[in-house]
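1. only the shape, not the letters, is given here:
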C-alpha cells in the first residue's frame with residue numbers, strides 16, 4: 001500500500017454491473033455496525049451493540065428515500081428493479097418508494113483523502129482495532145494494532161481458508177478514537193426520523209468479504225477499491241454454508257445455480273453507495289483491497 005490503502009491491490013476478474021444514479025449528498029450521521037446471530041438473523045455488532053433494529057416501518061421509510069436516488073439494481077439479464085422520486089425534507093418518510101436495493105452516486109473526495117494510507121496510519125497506527133471472523137456469525141474477535149493489521153494481515157483471501165478462520169476489519173470501531181474521522185464523513189442525506197445512523201468502517205483485502213446474512217436497512221459506500229454484492233429478498237433463502245467464504249461460494253455454488261435461483265448483483269466503486277433494505281439476504285466480495293463504510297439506519 002502506498003499513498004492510499006489500495007496499495008498493492010490485487011484485482012479479481014469478476015464481471016459487474018454497477019448502475020449508479022442519484023443526487024449529491026447532504027447532512028451528517030453517527031456511529032455503529034452489525035454482526036450475525038445463529039439461526040440466520042443478524043443484529044448490530046459494534047462491540048456490545050447487539051439487538052434488532054430496522055423493522056418493517058424502518059425498511060419502508062428507508063426504501064422511500066433510496067427509491068428516489070437510484071435507478072435500481074439489475075439482474076444479470078438486465079431487468080430494472082427500482083426508480084421513483086425522492087422523498088423530501090432530508091428525512092425518510094414512509095409510503096413512497098419500494099423495498100428494493102438501489103445504487104446511488106455520492107462522491108466523497110474529502111473523506112477519501114482522509115482515508116489515504118499515510119493519513120490513517122498517522123492517526124490510528126498504534127490504536128487497537130477489533131477483527132472479526134469473516135463468516136456469517138462472526139463469533140471470534142481479535143484485537144490488534146491497526147498498523148499491524150495494515151502491514152501484515154491485510155492480504156488477499158486464501159481460497160482454501162474458511163471464513164471462520166479469516167480475520168476481517170469491519171465495524172466494532174472504537175467511536176471515541178475514530179470519531180474525528182467519522183465526523184468528516186457525509187452520509188446519504190436521508191434518515192429515519194428520531195434516529196441516528198450507525199457507522200461501520202472497514203478495510204479488507206481482495207477476495208475477502210462476508211457470506212450471506214441479513215439485518216436492518218442501511219447504506220454501504222466504497223471509499224477505495226470495488227465491492228461486489230449478491231442479494232436475495234427476505235423470502236428467498238440462498239444456498240450457502242455459514243463458514244464458507246463468499247469467494248468459495250462464488251467458485252463452488254454460484255455456477256450451479258439455475259437462472260431463477262441467482263441473486264441480484266452489482267459492483268460498487270468509489271463514490272457509489274448501495275442501499276440495502278431491511279432483512280434482505282446479502283453477501284459481499286471485495287474485488288480489490290478496499291476501504292468502505294456502512295451507515296445502518298434505525
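-> Nice, I can see it. Predicted, not measured: the structure shown is a model, and the values here were computed from it.
2. least trustworthy helix or strand in this structure by mean pLDDT?
-> Scoring the helices and strands of the chain by mean pLDDT, DSSP states H and E places strand 42-44 at the bottom, with a mean of 34.
3. return the distance of residue 197 relative to residue 298.
-> Distance, residue 197 to residue 298, by C-beta to C-beta, to the nearest Å: 9 Å. The C-beta positions use only the backbone N, C-alpha and C, and glycine is treated the same way.
4. let me fix that: residue 191
-> Here residue 191 is placed at a distance of 9 Å from residue 298 (C-beta to C-beta).
5. just residue 279 next, same as before
-> Residue 279 is 12 Å from residue 298, by C-beta to C-beta.
6. neighbour-wise, which of the two wins?
-> Neighbour count, other C-beta atoms under 10 Å: between residue 279 and residue 298, residue 298 has more, with 24 against 21.
7. wait, isn't the more buried one in contact with residue 216?
-> Yes: contact criterion C-beta atoms under 8 Å: residue 298 and residue 216 qualify, at 5.4 Å.
8. who's in contact with residue 146?
-> Residues near residue 146 by C-beta atoms under 8 Å, 6 or more residues apart in numbering: 120-121, 124-129.
9. quick one, phi psi at it?
-> The phi/psi pair for residue 146 (degrees, to the nearest 10) reads phi -60, psi -40.
10. now swap in residue 109 and tell me
-> Per degrees, to the nearest 10, the backbone of residue 109 is at phi -60, psi -40.
11. could you do residue 251 as well?
-> Here the main-chain torsion angles of residue 251 (degrees, to the nearest 10) amount to phi -80, psi -40.
12. give me the nearest residue to it, chain neighbours excluded.
-> The spatially closest residue to residue 251, leaving aside those adjacent along the chain, is residue 159, at 7.0 Å (C-beta to C-beta, 6 or more residues apart in numbering).
13. confidence score at the one you found?
-> Here the pLDDT value assigned to residue 159 is 87.
14. what's the answer for residue 15, then?
-> The model reports residue 15 with a pLDDT of 36.
15. any idea how far the residue nearest to residue 157 when sequence neighbours are not counted is from residue 115?
-> Distances taken as C-beta to C-beta, 6+ apart place residue 207 nearest to residue 157, at 3.2 Å, with adjacent residues excluded. Separation of residue 207 from residue 115 (C-beta to C-beta) stands at 20 Å.
16. looking at those two, which is more packed in?
-> Shown here are residue 207 and residue 115; by other C-beta under 10 Å, residue 207 has more neighbours (25 against 22).
17. what pLDDT, on average, does stretch 277-284 get?
-> In this model, stretch 277-284 has an average pLDDT of 95.
18. end to end on that stretch, go ahead and measure it.
-> End-to-end distance of stretch 277-284 (C-alpha to C-alpha, to the nearest Å): 15 Å.
19. what do you get for stretch 163-175?
-> Its first and final residues considered, stretch 163-175 spans 26 Å by C-alpha to C-alpha.
20. what comes up buried for that stretch?
-> Using 16 or more other C-beta atoms under 10 Å as the test for burial, stretch 163-175 gives 163-164, 166-173, 175.
21. what about the strands in the stretch 101-250 of the chain?
-> In the stretch 101-250 of the chain, the segments counted as strands under DSSP state E, counting those that start in this stretch are 102-105, 128-133, 141-145, 167-170, 198-204, 218-224, 227-232.
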